[in-house]
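>>> predicted model and sequence follow; I will ask about them next.
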Amino acid sequence: METIEVRDLRKTYGDTHAVDGVTFTVHSGETFGIVGHNGAGKTTTVECLIGLKRPDAGTVRVLGEDPAQRRRALAQRIGAQLQDSSLPERLKVAEALRLFGRFYREPAGWREVMARWGLESLAGKAFGDLSGGQRQRLMLALALVGDPEVVVLDELTTGLDPVARRETWRLVNDLKAAGTTVVLVSHYFDEMEALCDRVAVFARGRVVAMGSPGEIIARTGTASLEEAYFALEGAGR
Ligand SMILES: Nc1ncnc2c1ncn2[C@@H]1O[C@H](COP(=O)(O)OP(=O)(O)OP(=O)(O)O)[C@@H](O)[C@H]1O
């Protein structure tokens, strides 16, 4: 069984074919990237993976379960950091971790997670007083406090400065080293190239290429994943 299986996934909003027949699988322990520009269907796809959206057609299985039917059970096994997620301004870092830990039947110790992600010195700080990088670090820690088998991270580094971005990359690499299956969503091609074992390149609701960043670059005869994307995108019009 693959950790994630998506077959011919479709989701339409009015006249917009947000996801238009997407198929991919993610193996256990893999860091899998969903990359593409704004509006390509990336977020809609991950929302279907975690049961926040119901597909119009197609099959989605995560850890062998259908997220549309088994969202609550899967929420115990999937950690998600979604685009633009936020917390109450006055909630403190340690309180947030403790609170989120209570949602899970078998959480990782919240104190351990706090230490592991370098948040101890911020334990008493309110969310509203954290820097952008610190907020992202907390959001990542919150996605992990349930000791998940699969982690979904959408636009993890958007808005971060280069130092905070690299720091976040290091955290993702730590997750990878621990054997966690990670789905990363981004429109930063360099990030995907640096972190992902394989990527699905999305354009207009479809997967236009899939493979390791190196394979996609070689296949398109380009020098980077970003250049490969433009070559593929142009060819698909
Ligand atoms: N709730 C909604 N109602 C109507 N249209 C939507 C809705 N959600 C997404 N869309 C449309 O579906 C398409 C795909 O959106 P989606 O957010 O999945 O793309 P994305 O690749 O994640 O983009 P971004 O990088 O900007 O987040 C876009 O055209 C978007 O405008």
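The structure has been received and is ready for your questions.

>>> over to the closest residue to residue 93 other than its chain neighbours: give its phi and psi.
Nearest non-adjacent residue to residue 93, counting by C-beta to C-beta, 6 or more residues apart in numbering: residue 122, 4.8 Å away. For the C-beta atoms, the positions are set from N, CA and C on the backbone; glycine is no exception. Backbone torsions for residue 122, taken as degrees, to the nearest 10, come to phi -110, psi 10.

>>> now residue 122: how far from residue 95?
12 Å (C-beta to C-beta, to the nearest Å).

>>> same question, residue 151
Counting by C-beta to C-beta, the gap from residue 151 to residue 95 is 22 Å.

>>> try residue 28
From residue 28 to residue 95 the distance is 33 Å (C-beta to C-beta).

>>> and residue 151 and residue 95? which has more neighbours close in?
Neighbours per residue (other C-beta atoms under 10 Å) separate residue 151 from residue 95, with residue 151 holding more: 22 against 17.

>>> quick one: pLDDT of the more buried one?
Listed pLDDT for residue 151 reads 95.

>>> my guess is it contacts residue 144, does it?
Yes: counting by C-beta atoms under 8 Å, residue 151 does reach residue 144; the two are 6.8 Å apart.

>>> anything in contact with each of those two?
79, 175 (C-beta atoms under 8 Å, 6 or more residues apart in numbering).

>>> domains of this protein?
Using automatic domain parsing, the domain parsing of the chain gives 4-77+150-236, 85-148.

>>> any weak-confidence spans in this protein?
For the chain, the stretches with pLDDT under 70 are 235-237.

>>> near the ligand, which residues of it?
Applying C-beta under 6 Å from any ligand atom, we find that the chain lies next to the ligand at 13, 16, 18, 36, 38, 39, 40, 41, 42, 43, 44, 187.

>>> which residue is the nearest non-sequential neighbour of the last one?
Pointing back at residue 187 there. Nearest to residue 187 is residue 37, by C-beta to C-beta, 6+ apart, at 5.6 Å.
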